[in-house]
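Undergrad: I would like to see how this sequence folds:
(2 chains)
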Amino acid sequence: MSTHTCTHSIAFTGSGGSGAITVGNMLLQQAAKNSLYGIMRRSVGPQIRGGESAAMLRFSAHPVSCPDDRFDLLIAFDWLNAERFALEIPLDSNSLVISDPANGDVPEVITQTGATIIDVPLKAMAKEISGGRVNMIGVGLLTALMDMPADTAVDIITSTFSKKGEEAVKSSLDCFHAGYKYQLQAKLSCPKLIASNPGTRWDISGNEAAALGALQGGVRFVAAYPITPATEVLEWLSPRLEKIGGSLMQAEDELASINMVVGASFGGVTSMTATSGPGLSLMSEGIGLAVASEIPLVVVNVTRGGPSTGIPTKSEQSDLNIALYGLHGDAPHLVLAPQNITDCIATTRWAVQLTEALQTPAIVLTDQFLGQSRCITPVPESPGLPTSREVAKSGNDKVYERYVITESGISPIAVPGTAGCSYTADGLEHKTSGQPSSIATDHHDQLDKRQRKLTQFEFGDNWADIKGEGQLAIITWGSSTAAVLEAAQRLELTGLSVKVISIRLLAPAQTDALEAELINIDQALIVEQSHSEQFYHYLRAHYTLPKDVSVYAEPGPLAITPGDITNAVQQLRGQAS
Amino acid sequence: MTNLAKAKTYKSEVKPIWCPGCGDFAVLSALTKAFAFLDLAQQDLAVISGIGCSSRLPAYLSSYGFHGIHGRALPIASGLKLARPELTVIASGGDGDGFSIGGNHFLHACRRNLDITYIVMDNEVYGMTKGQASPTTQPDWASSKLTPHGTGVRPFQPAAIALASGASFIARGFSGDPNGMTKLIIAAIQHPGFSFIQVLSPCPTFRPEQKLWKHQVEPFPHEPTDDPVKAATHLYTDDGMSSGLIFQSNYPVWSQPDVAEASIKQFEEEFIV
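TA: Residues are numbered from 1 along each chain as shown, chains lettered A, B, ... in the order given. As a prediction, the model looks like this:
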């Protein structure tokens, strides 16, 4: 049990295919049914089967969006890959480790943590049941350990395995009961979480959330090229788009997918794709085309460890630079970042609305942590209507000029099929008509107009989430936000108030708005998950920061936890005093 | 209105950048005649291109157009067709754009068989960058500073590759035979599925020897076939200097499957535990 907040962190590990993630999913659903909240991260190896697989859960009476600093409990279905995940599952002398004697000695990397090791004969118990599996024994054990009622678990198991037939349901239930009874007799200790508000809850991943937000925003065409960890965005959309009059096409590569999106959006249909770092690199030229030809589109980039192929299955915030600066030429565009799993819905929806209104591409930066983690969340607010683009109408006497200079910089866009408004969109610099031009005045006029769209637009209050007051500000973005917010709560308990500023709209930079928030700030701590302090350098480029600035920047794949940040704050205050 | 007068209405006011004698003029003209013959409304027509001399073509038409980026005409055209299936979508460009930088898209557009017409103006050279070898250039062509000894690389076989990739309509046209080309373009647009026309379109500036093509290009010496084996034999015994319809088959055209309707609200309810 964490001393700071009422939460409980549990990890299941095993070789790939051992069912650790299945157990995690089931417990998450049980928590929701029992008026609790939870989050589950996954850590998997590149192998399809036989690699490492870990489900890392945290349960609470209140919504939780980040991992804790340590784990209360580790259940190992085998010890085959203990070294690979040991750093991701920090244990200490208060932790409990459930180990199966059939798997041999507990590895040193586990024993040296000082955790209490308890032997439970998972495999032997499973062997006594026809078709028995250790992971379902684990579900039973944990259900009893967390003092959750067996009947909700039975319902979840039954519905999960009903597709596989009666035998699968029976053996799973037998395993569950065996594990449940074992704990009732063994009475392993675990403090009970007191559930607070009952009510409907959602079980959603960030990738699903981004996809849902896209549909809510009005996306009806998606071009797709699979890439870890973004594929689930596309897989969720495919069967659903066609049911609401949209379509999805699997492209031959990311060059094709981004350009298909350009073509579909040129056709008047709100369009997007999803990818990760290597795909974003390939898409950069196409995104630049959308800037120059003023075509709305959204790219959801689920960042993984980089550079190059990097660490496809693990998280990092290191695609910030390419999202902000990856386009050649002066190419004003939008970059947005959701701050937690549920916020992937609203932020992606907002990105769709903004790209349609501003006719310039929007990149939504999530990451493997946000994208592939699932959380139990209160039902999100219902969205308003999607914003539509300013469309040119036929029947106008004037000659239609696609790129006409306007005060707002936004020119009405003609959709093919509209008589009297035909034009050729162009990635070449152009005159107001769209006709190619290399004349200085045309270039300057069009550069100004494309920039003006973004500088004159009123983005409102959603550019950042700001919580708390104090002389110390922690400035962060994206998936680091949840850990920062929890750190701020913990610091508050020690008597230190901090102001947390998490920037959602990274480009265009909202310089005046942020600087207004920094007026009474003496000291700032920048928190981000990158090695080269990308976010810090971005802030330095666009905003005047307080003189006293420190940076907490750590690369992936280890999650940034609240404790990392409270430590950083304490260190910084120690230096000050 | 005569067809000729009507054809002119498909031309825009923009003056082509092409050199005098460029074969692309004839392609532009044949396209407008085909549009006039088919009586297509300008607003329901979109011509999509990549980068290169021939890719400038959309701006010279009065239809909707997209002059995109190098090699990506087919993805842009495919996205447009998927989003707006009722539009007539034409993709156009050159041999470098279509077979080199855009080569992968060419293969997959052939397989995907969306109802798009793709016209490649093949002059066996990169013109806009001032005369480098393209995928269709003969290996011993040594007039480029970039490959002073020739490429030494076997030329790309557009029609044979289209056939192997599953294109359902394959033709070769010649800019020196504008009427024949117009007929091929009409047939290509009418064909349901992906229609590929390789147009032999000489470059008088960087490949002046191509002026002789008008004496060399013959009618394709075989009847069109729907048998890919026969078509392959025809193509492998052909020197590429011929024009006509080569292959046409009724491969299934990609289309959106019919599925039950649902609402976003229903998708949201799936998340309720």
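Undergrad: quick one: is stretch B:190-204 near chain A?
TA: No: applying C-beta under 8 Å from any C-beta of the partner chain, one finds stretch B:190-204 separated from chain A by no less than 13.8 Å. Backbone N, C-alpha and C define where each C-beta goes, glycine included.
Undergrad: Give me the buried stretch members for that stretch, please.
TA: B:191, B:193-204 (16 or more other C-beta atoms under 10 Å in any protein chain shown).
Undergrad: And for stretch B:213-233?
TA: B:213, B:217, B:220, B:222, B:224, B:225, B:228, B:231, B:232.
Undergrad: Quick check: chain neighbours aside, which residue is closest to the fourth one?
TA: In space, not counting the residues next to it along the chain, residue B:222 is nearest to residue B:234; the distance is 4.6 Å by C-beta to C-beta, 6 or more residues apart in numbering or on different chains.
Undergrad: so which helix or strand takes in that neighbour?
TA: Using DSSP states H and E, residue B:234 sits in helix B:228-236.
Undergrad: Next, the residues that contact the helix or strand just after that helix from outside, please.
TA: Tracing the chain past helix B:228-236, the next element assigned as helix or strand by DSSP H and E is strand B:242-248. Under the criterion C-beta atoms under 8 Å, 6 or more residues apart in numbering or on different chains, residues B:159, B:163, B:167-174, B:177, B:180-181, B:184, B:187, B:191, B:200, B:217-222, B:224-226, B:228, B:231, B:234-235 lie in contact with strand B:242-248.
Undergrad: again, but for stretch B:125-142
TA: Contacts for stretch B:125-142 (C-beta under 8 Å, 6+ apart): B:51-53, B:94-96, B:99-100, B:103, B:122-124, B:143-144, B:146-156, B:158, B:203, B:205-207.
Undergrad: from the middle of its chain, how far away would stretch A:419-437 be?
TA: From the chain centre to the centre of stretch A:419-437 is a distance of 38 Å (C-alpha atoms, centre = their mean, to the nearest Å).
Undergrad: averaged over its residues, what pLDDT does that stretch have?
TA: What stretch A:419-437 shows for mean pLDDT is 97.
Undergrad: which residue sits farthest out from the middle of chain A?
TA: residue A:397 (48.5 Å; C-alpha atoms, centre = their mean).
Undergrad: do stretch A:142-160 and chain B meet at all?
TA: No: shown here: stretch A:142-160 not in contact with chain B (C-beta under 8 Å from any C-beta), separated by at least 9.0 Å.
Undergrad: Now that stretch: buried residues?
TA: Quick answer for stretch A:142-160 (16+ other C-beta under 10 Å): A:142-146, A:148, A:150, A:152-154, A:156-157, A:160.
Undergrad: ditto for stretch B:164-176
TA: Buried-residue list, stretch B:164-176, by 16+ other C-beta under 10 Å: B:165, B:166, B:167, B:168, B:169, B:170, B:171, B:172, B:173, B:174, B:175, B:176.
Undergrad: just stretch A:507-523 next, same as before
TA: Buried-residue list, stretch A:507-523, by 16+ other C-beta under 10 Å: A:507, A:508, A:509, A:510, A:513, A:514, A:517, A:518, A:521, A:523.
Undergrad: next one: stretch A:39-58
TA: Residues of stretch A:39-58 classed as buried: A:39-45, A:51-58 (neighbour count, 16+ other C-beta under 10 Å).
Undergrad: Strands - which of those land there?
TA: Taking DSSP state E as the definition of strands, the buried residues of stretch A:39-58 contribute A:39-44, A:52-58.
Undergrad: tell me the contacts of the residue lying closest to residue A:370 once chain neighbours are set aside?
TA: Excluding the flanking residues, the one nearest residue A:370 by C-beta to C-beta, 6+ apart is residue A:206, at 3.7 Å. Listed by C-beta under 8 Å, 6+ apart, the contact set of residue A:206 reads A:302, A:338, A:341, A:344, A:366, A:369, A:370, A:371, A:372, A:373.
Undergrad: how does it look with 7 Å?
TA: A:341, A:344, A:366, A:370, A:371, A:373 (C-beta atoms under 7 Å, 6 or more residues apart in numbering or on different chains).
Undergrad: Narrow these to those in strands?
TA: Using DSSP E, these in strands are residue A:366.
Undergrad: Between the contacts of residue A:206, identify the one with the most neighbours.
TA: Highest neighbour count within those, by other C-beta atoms under 10 Å in any protein chain shown: residue A:366, with 35 neighbours.
Undergrad: circling back: ok, of the buried residues of stretch B:213-233, which one's closest to chain A?
TA: residue B:228 (21.4 Å; C-beta to the nearest C-beta).
Undergrad: now that closest one: how far from residue B:168?
TA: Relative to residue B:168, residue B:228 is positioned 10 Å away (C-beta to C-beta, to the nearest Å).
Undergrad: At the contact with chain A, which residues of the stretch 151-273 of chain B appear?
TA: By C-beta under 7 Å from any C-beta of the partner chain, the part of the stretch 151-273 of chain B that sits against chain A consists of B:256-257, B:259-264, B:267-268, B:271-273.
Undergrad: Include secondary structure, neighbour count and pLDDT when you put those into CSV, please.
TA: Below are those laid out as CSV (DSSP: H, G, I helix; E, B strand; the rest coil; neighbours: other C-beta atoms under 10 Å in any protein chain shown; pLDDT from 0 to 100):
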residue, secondary structure, neighbour count, pLDDT
B:256, coil, 14, 86
B:257, coil, 6, 87
B:259, coil, 12, 92
B:260, coil, 6, 91
B:261, coil, 10, 94
B:262, coil, 14, 97
B:263, coil, 10, 96
B:264, helix, 14, 96
B:267, helix, 20, 98
B:268, helix, 19, 97
B:271, coil, 19, 98
B:272, strand, 12, 96
B:273, coil, 17, 93
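Undergrad: just to revisit the earlier point, would you list the buried entries among the contacts of stretch B:125-142?
TA: For the contacts of stretch B:125-142, a burial check counting by 16+ other C-beta under 10 Å picks out B:51-53, B:94-96, B:99-100, B:103, B:122-124, B:143-144, B:147, B:151, B:155-156, B:158, B:203, B:205-207.
Undergrad: so of the residues you listed, which ones are in strands?
TA: Those of the buried ones among the contacts of stretch B:125-142 mapping onto strands are B:94, B:122, per DSSP E.
Undergrad: Could you pull up the residues touching the residue farthest from the centre of chain A?
TA: Residues near residue A:397 by C-beta under 7 Å, 6+ apart: none.
Undergrad: now residue A:347, nearest residue through space, not along the chain?
TA: Closest to residue A:347 by C-beta to C-beta, 6+ apart is residue A:338, at 3.9 Å.
Undergrad: In three-state terms, how would the one you found be classified?
TA: Here residue A:338 is recorded as coil under DSSP: H, G, I helix; E, B strand; the rest coil.
Undergrad: Quickly note the distance from it to residue A:236.
TA: Distance from residue A:338 to residue A:236, counting by C-beta to C-beta: 16 Å.
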